[in-house]
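Visitor: what follows is a protein structure lacking sequence information:
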């Protein structure tokens, strides 16, 4: 193996975010001026016809010093080799290419070149290596029936034609969230429950300019985090189901990431473990976690079959924060998609159930009401102690875990009018995982002024709650404007 770099050296230093512009792989390449050109770009290589793999990366970066680490990974995810290179570049164009020699002893399958810059993962490229069959030993017993072969990266990438974008629309028809789904049967789209929760209807995008509207679910499970949307799927082929448990911890599986809006990138994830998490059911844990817009997409085996649905949320209703109009200072941090729900939790019989429309699901409280933008709220939180004489909440005072023996559970909120003073009705509610109200504070009038902060606090007794996870909402004029989660323990 050898590593070749294209850059100009200068004594500058920088540590800035990098933007990966492109990755190209092929059997050979050449330097043309200040650029590097890959001949016959592709991601499938056949030994001994192909002697080596050349992979070119290009980033947009600020001038400065960078440490590049290239890690070649075997099909089982174990590193085969790595190298560190220190370099400096005076321009915003940072480019490098790596060359890996194929040999008759290497493992066939899906390999990966992962590139880290200054310790952070900044890009990767999967490629398929095919080896000639080895001659059978003389007098060997008849071989067992062959299992389906792993697909090449080119074949796996074609599965994107069975994926859709799910635009979650509010009652005004505005997009409040975007997630992924996949065709699981004719006119049936599987996704995560969090990808549909709180919607008034959906805009399904099968491809550029190919959209259809939908408003019904065939089936769902709030705690398992899966749902099936009824929508026209055109001629998109359904993805196949993998046999239950058709993976091992430490194995490399495939996802379609969505790091930029409206774009998909195929990539590998390592299965780091499994978990049974009552009452949510089984979860598959993976690393690195796919992006938020990849939620609801398929977790695929190397054979191209679906083993799980990306998401696996343990906080139903959390994703209803994803309204672009809500200030970031108010938003409860959304964890990354480090889990998936096994597809075995979605029974095939669910695909033919009687449809239910979104408005009914909202009215029945199956869906979580989405957060509404109200500019008068500045901050809110939960705590076990609050200085009732001071408007200042000490830093670090917020508490999300309470014991039943704690004397009180406080939900507080700060208000300040943006344009004109007004008097509003404020309340707080605590609901369980199934969106059932457990406790609601008596509504109170708050004078929200433009010249000063107003604060209100509601008191609940932790002793009245069964140990578990609960959602806390603050309402203004009976509309949710802030949301968080708490845990009650013995």
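Guide: Everything's here; your move. The structure displayed is predicted, hence computed values, not measured ones.
Visitor: use CA for all of it now, contacts and neighbours both
Guide: Fine.
Visitor: which is the succeeding secondary structure element to the top strand by length along the chain?
Guide: In the chain, assigned by DSSP state E, the strand with the most residues is strand 265-277. Next along the chain after strand 265-277, taking DSSP states H and E as the criterion, comes strand 281-287.
Visitor: elements contacting the following helix or strand past that following strand?
Guide: Beyond strand 281-287 on the C-terminal side, the first helix or strand identified by DSSP H and E is strand 298-300. Strand 298-300 makes packing contacts with strand 252-257, strand 306-310 when contacts are defined by 3 or more Cα pairs under 8 Å, 6 or more residues apart in numbering; DSSP states H and E.
Visitor: so which bits of strand 298-300 are buried?
Guide: Of the residues in strand 298-300, 298-300 count as buried by neighbour count, 16 or more other Cα atoms under 10 Å.
Visitor: possible to save the residues you listed as a markdown table with pLDDT and distance to residue 18?
Guide: Putting these into a markdown table (pLDDT from 0 to 100; distance: Cα to Cα, whole Å) gives the following:
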| residue | pLDDT | distance to residue 18 |
| --- | --- | --- |
| 298 | 97 | 28 |
| 299 | 97 | 27 |
| 300 | 96 | 29 |
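Visitor: hmm, back to that, can you flag the weakest of the helices and strands packed on strand 298-300 by average pLDDT?
Guide: Mean pLDDT is lowest for strand 252-257 out of those, coming in at a mean of 93.
Visitor: and the angle for that one with strand 306-310?
Guide: Angle, strand 252-257 to strand 306-310, by axes from the mean of the first three to the mean of the last three Cα atoms, to 10 degrees: 50 degrees.
Visitor: name every strand pairing with the helix or strand that residue 177 is a member of and say which way it goes.
Guide: Assigned by DSSP H and E, residue 177 falls within strand 175-185. Sheet pairing of strand 175-185 (DSSP bridges) gives strand 163-169 (antiparallel), strand 188-191 (antiparallel).
Visitor: what residues sit buried inside whichever helix or strand comes after the shortest one?
Guide: From strand 188-191 onward toward the C-terminus, using DSSP H and E, the following helix or strand is strand 201-207. Of the residues in strand 201-207, those buried by neighbour count under the rule 16+ other Cα under 10 Å are 201-206.
Visitor: what about residue 245, how many residues nearby?
Guide: 10 (other Cα atoms under 10 Å).
Visitor: tell me the contacts of it?
Guide: Contacts for residue 245 were tallied using Cα atoms under 8 Å, 6 or more residues apart in numbering; they are residue 307.
Visitor: do the same with residue 169
Guide: By Cα under 8 Å, 6+ apart, the contact set of residue 169 is 175-177, 199-203.
Visitor: residue 316 too?
Guide: Contacts of residue 316 (Cα under 8 Å, 6+ apart): 194, 222-223, 225, 433-434.
Visitor: of the strands paired with strand 175-185, which is nearest residue 37?
Guide: For residue 37, the closest of those is strand 163-169, at 31.5 Å, according to Cα to Cα.
Visitor: now the angle from that closest one to strand 201-207?
Guide: 150 degrees.
Visitor: picking up where we left off before, need the winner for burial among the strands paired with strand 175-185.
Guide: Mean neighbour count (mean count of other Cα atoms under 10 Å) peaks for strand 188-191 among those, with a mean of 27.
Visitor: quick one: that strand to chain centroid distance?
Guide: 17 Å (Cα atoms, centre = their mean, to the nearest Å).
Visitor: next one: stretch 20-29
Guide: 26 Å.
Visitor: next, the buried residues of it.
Guide: For stretch 20-29, by 16+ other Cα under 10 Å, it's 20, 23-29.
Visitor: narrow those residues to those in strands?
Guide: Filtering the buried residues of stretch 20-29 for strands - DSSP E - leaves 20, 23-26, 28-29.
Visitor: dump those into CSV; add pLDDT and distance to residue 75 as well.
Guide: Below are these laid out as CSV (pLDDT from 0 to 100; distance: Cα to Cα, whole Å):
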residue, pLDDT, distance to residue 75
20, 88, 24
23, 92, 20
24, 93, 20
25, 93, 17
26, 94, 18
28, 92, 22
29, 90, 24
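Visitor: how many neighbours does residue 356 have?
Guide: Residues lying near residue 356 (other Cα under 10 Å) number 15.
Visitor: quick one, what contacts it?
Guide: Residues near residue 356 by Cα under 8 Å, 6+ apart: 216-218.
Visitor: do that again at 10 Å, thanks
Guide: Residues in contact with residue 356 (Cα atoms under 10 Å, 6 or more residues apart in numbering) are 215-219, 229-230.
Visitor: and the strands paired with strand 175-185: which comes nearest residue 457?
Guide: Closest to residue 457 of these is strand 163-169 (Cα to Cα; 32.6 Å).
Visitor: still on that earlier bit, what pairs with the longest strand of the chain, parallel or antiparallel?
Guide: Sheet pairing here is set by DSSP bridges, and for strand 265-277 it gives strand 252-257 (antiparallel), strand 281-287 (antiparallel).
Visitor: buried ones in stretch 273-288?
Guide: Neighbour counts over stretch 273-288 (16+ other Cα under 10 Å) mark 274, 280-286, 288 as buried.
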